[in-house]
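Student: have a look at this fold, sequence not included:
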């Protein structure tokens, strides 16, 4: 079983500022670098078969994570191994293909878990849809931003 979720920071949280500052900008013209490093910090959790892959105790920038997930999905669908990196820390989540399974390991922790590739790619795709929907509902102009369009569900 896979649980992949995120939470927008509450009003008053310093991380909420990474969302609220976007209201002062033209969302269409925000650069990829700014979207990846300055905006949309969120608490993210990824749990596979009771193994915590990404802890919801910290924050990651959603667009940076989304782009990393897109790259991982592309590699996995091409039959290659992949990784998910984080701007906020040096950890890399490694995704190694073995037949119809993906073996997931961490560069910093000693756990290992395997999951059917179809289940993992489905969870990644659903997560990307939820991020895209959240961002474009709250900031409609982002739907026309080229970086956000890279993980558009259409």
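Tutor: Sure, I can see it. Being a predicted model, the structure only gives us computed values, none of them experimental.
Student: tell me, how many residues neighbour residue 52?
Tutor: Applying other CB atoms under 10 Å, we find 16 other residues in the vicinity of residue 52. Every residue, glycine included, has its C-beta placed from N, CA and C.
Student: isn't it up against residue 45?
Tutor: Yes. Counting by CB atoms under 8 Å, residue 52 does reach residue 45; the two are 7.5 Å apart.
Student: and the gap between residue 96 and residue 38?
Tutor: Per CB to CB, to the nearest Å, residue 96 is found 32 Å from residue 38.
Student: likewise for residue 117?
Tutor: Residue 117 sits 33 Å away from residue 38, going by CB to CB.
Student: quick one: the residue nearest in space to the middle of the chain from residue 3, how far?
Tutor: With distances taken as CA atoms, centre = their mean, the residue of the chain nearest its centroid is residue 65 (3.2 Å). Look at residue 65 and residue 3: by CB to CB, they are 15 Å apart.
Student: follow-up on the earlier one: now the residue nearest to the centre of the chain: closest residue in space, sequence neighbours ignored.
Tutor: Setting aside the residues directly before and after it, residue 65 is nearest to residue 44 in space (CB to CB, 6 or more residues apart in numbering), at 6.5 Å.
Student: list the contacts for the one you found?
Tutor: 5, 6, 54, 56, 59, 60, 62, 65 (CB atoms under 8 Å, 6 or more residues apart in numbering).
Student: got it, and residue 111?
Tutor: By CB under 8 Å, 6+ apart, residue 111 lies in contact with 51, 105.
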